[in-house]
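K.L.:
Sequence and predicted structure below; questions after.
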Amino acid sequence: MTKPLPATIDDTIDLLKSRDYVAGRDLGTVVFLALKMGRPLFLEGEAGVGKTEIAKVLAEGLGRKLIRLQCYEGLDVSSAVYEWNYPAQMIEIRLAEAAGNIDKARLGSDVFAERFLIKRPLLQALESEDGAAPVLLIDELDRTDEAFEAFLLEVLSDFQVSIPELGTLKAKEPPIVIITSNRTREVHDALKRRCLYHWVGYPDAKREVAILRAKRPRASAQLAKEVVGFVQALRKGGDLYKSPGVAETLDWVSALHELDCVVLDPQTVNDTLGVLLKYQDDIARMEGSEAKRILDQVKEELRLMGSV
């Protein structure tokens with residue numbers, strides 16, 4: 001069931017929170033403005049910080065269909081917008097020939113009817129169901145090339161697509177557009193200017209604990225604090241090739257819970273580093289004495305704060 005858009009920033013934050021997404025006021029504000037102004041929202045940040053999740057949460061919270069375009073190198077119109085079902089068209093032609101119906105003008109019109117059109121995510125997003133425009137997630141746009149960016153800019157300008165055989169298809173109601181980028185390369189300024197922009201950074205310790213409590217409520221409170229303290233220490237001074245994101249933090253807590261772990265200890269940390277870190281050089285750097293040093297530091301800080 002479709003729900004109305006949030007009326008205030010606080011309503012937006014509550015909407016996200018109702019789906020276990022813990023957002024700061026800065027993020028809540030830009031999401032609210034994007035919804036209110038009908039502008040695409042461009043979210044940039046490191047992998048695993050929760051950019052994609054925002055689109056999923058909005059779709060669930062607003063009762064809208066989520067349409068996802070996963071970007072990759074070489075993405076083109078046939079994969080992103082539409083293509084014709086050539087095998088079905090050939091069958092139609094063969095059947096017409098077998099029946100003696102060789103009126104070329106009529107046959108050409110028949111085989112390029114909409115029933116032979118395979119609609120890809122961008123075209124699907126221009127179609128509203130029950131008067132409710134979907135949420136369109138264009139994920140990891142930085143993986144595509146500049147040619148696709150230029151095409152996407154045209155689509156987002158007017159929310160319409162031109163198909164030579166059918167004409168121009170325009171959205172009755174523009175979709176809610178969320179674009180994400182891991183910043184592996186810079187996205188062109190012209191496209192960014194069409195959007196409202198927000199950098200999604202790593203959360204501070206307090207918010208990350210709140211995220212863990214919302215997403216992994218079965219984990220002990222002490223374990224959540226120790227895990228967040230350890231992860232925060234890695235991000236600040238771990239000198240890692242790839243710091244763990246929130247997604248890795250959640251995975252680590254889940255793994256520790258499966259091991260019936262209620263507090264961290266050096267051996268368990270060493271045994272499960274592969275859940276948290278994804279590069280062997282980073283794991284080798286943290287194994288043994290370094291992981292123990294960081295863990296001891298975290299436990300001491302929590303003790304001084306009165307958490308133990």
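P.N.:
Nice, thanks for sending it over. Residues are numbered from 1 along each chain as shown.
K.L.:
just the strands in the stretch 101-250 of the chain please.
P.N.:
Using DSSP state E, counting those that start in this stretch, the strands of the stretch 101-250 of the chain run over 117-119, 135-139, 160-163, 167-170, 176-181, 196-199.
K.L.:
gap between residue 42 and residue 176?
P.N.:
Distance from residue 42 to residue 176, counting by C-beta to C-beta, to the nearest Å: 13 Å. Heads up, the C-betas are built off the backbone N, CA and C, glycines and all.
K.L.:
Verify the contact between residue 158 and residue 170 for me.
P.N.:
Yes - Residue 158 is in contact with residue 170 according to C-beta atoms under 8 Å; the separation is 7.1 Å.
K.L.:
need the contact list for residue 219.
P.N.:
The contact partners of residue 219, by C-beta atoms under 8 Å, 6 or more residues apart in numbering, come to 212, 227, 253, 256-257.
K.L.:
Kindly apply the preceding question to residue 10 instead.
P.N.:
Contacts of residue 10 (C-beta under 8 Å, 6+ apart): residue 28.
K.L.:
Residue 193 too?
P.N.:
Per C-beta under 8 Å, 6+ apart, neighbours of residue 193: none.
K.L.:
before we move on, back to that, save the strands of the stretch 101-250 of the chain as a markdown table, and put in mean pLDDT too.
P.N.:
Formatted as a markdown table, those follow (pLDDT from 0 to 100):
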| stretch | mean pLDDT |
| --- | --- |
| strand 117-119 | 93 |
| strand 135-139 | 97 |
| strand 160-163 | 89 |
| strand 167-170 | 89 |
| strand 176-181 | 97 |
| strand 196-199 | 97 |
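K.L.:
Throw those strands into CSV and include distance to residue 247 and mean neighbour count, thanks.
P.N.:
Formatted as CSV, these follow (distance: least, C-beta to C-beta, whole Å; neighbours: other C-beta atoms under 10 Å):
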stretch, distance to residue 247, mean neighbour count
strand 117-119, 31, 15
strand 135-139, 14, 24
strand 160-163, 33, 16
strand 167-170, 36, 12
strand 176-181, 13, 25
strand 196-199, 17, 16
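K.L.:
For those strands, give me CSV that also has distance to residue 281.
P.N.:
Shown next, in CSV, are the strands of the stretch 101-250 of the chain (distance: least, C-beta to C-beta, whole Å):
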stretch, distance to residue 281
strand 117-119, 44
strand 135-139, 28
strand 160-163, 45
strand 167-170, 50
strand 176-181, 25
strand 196-199, 27
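K.L.:
Out of the ones you listed, which is closest to residue 264?
P.N.:
When the strands of the stretch 101-250 of the chain are compared by C-beta to C-beta, strand 196-199 sits nearest residue 264, at 30.3 Å.
K.L.:
elements contacting that closest one?
P.N.:
With contacts taken as 3 or more C-beta pairs under 8 Å, 6 or more residues apart in numbering; DSSP states H and E, strand 196-199 sits against helix 25-37, strand 41-44.
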